[in-house]
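>>> Here is a sequence with its predicted model. Questions after.
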Amino acid sequence: MPILAWQKFSVGKKIQSQALVADSKETLACFFLSAALLLGLGSNYVLGFWQADPIVGLIIVVFLFREGKEAWQEN
């Protein structure tokens with residue numbers, strides 16, 4: 001996913017497409033959210049650290065709340 005985001009970003013800059021540049025940032029955000037989820041679930045499964053899953057869930061909620069607030073303020 002990071003490679004895809006980087007490619008989208010570079011192509012978006014070359015063709016001057018703000019939509020593709022924005023999509024590259026969303027792809028990168030999706031990667032980070034997926035990595036956080038995998039870390040939380042993996043810690044729970046492998047290490048038995050059950051608190052990791054809810055902690056990561058709260059981190060994702062904060063991220064999504066911030067993104068929603070930012071989108072709301074743009075309109």
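Thanks, I have it.

>>> burial of Val11, as a residue count?
Residues contacting Val11 under the criterion other CB atoms under 10 Å number 13. C-beta: built from backbone N, CA, C; applies to glycine.

>>> where does the chain have low pLDDT?
Applying pLDDT under 70 to the chain flags the ranges 75.

>>> What are the boundaries of the strands in it?
For the chain, applying DSSP state E gives no strands.

>>> Check it for me, the residue farthest from its geometric middle.
Gly48 (25.1 Å; CA atoms, centre = their mean).

>>> how near is that residue to Gly42?
From Gly48 across to Gly42, the span is 11 Å (CB to CB, to the nearest Å).

>>> who are the neighbours in contact with Val11?
By CB atoms under 8 Å, 6 or more residues apart in numbering, the residues touching Val11 are Ser17, Leu20.

>>> Contacts only, for the residue nearest the centre of the chain.
Against the mean C-alpha coordinate of the chain, by CA atoms, centre = their mean, the closest residue is Ala29 at 2.3 Å. By CB under 8 Å, 6+ apart, Ala29 lies in contact with Phe63, Glu67.

>>> By residue count, tell me the biggest helix in the protein.
Secondary structure of the chain per DSSP state H: the longest helix is helix 18-42.

>>> and that helix, which residues are buried?
Under the neighbour-count criterion of 16 or more other CB atoms under 10 Å, helix 18-42 has Leu20, Val21, Asp23, Ser24, Thr27, Leu28, Ala36, Gly40 buried.

>>> Format those as a markdown table; extra columns: distance to Ser10.
As requested, those are arranged in a markdown table below (distance: CB to CB, whole Å):
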| residue | distance to Ser10 |
| --- | --- |
| Leu20 | 10 |
| Val21 | 9 |
| Asp23 | 13 |
| Ser24 | 8 |
| Thr27 | 13 |
| Leu28 | 13 |
| Ala36 | 25 |
| Gly40 | 31 |
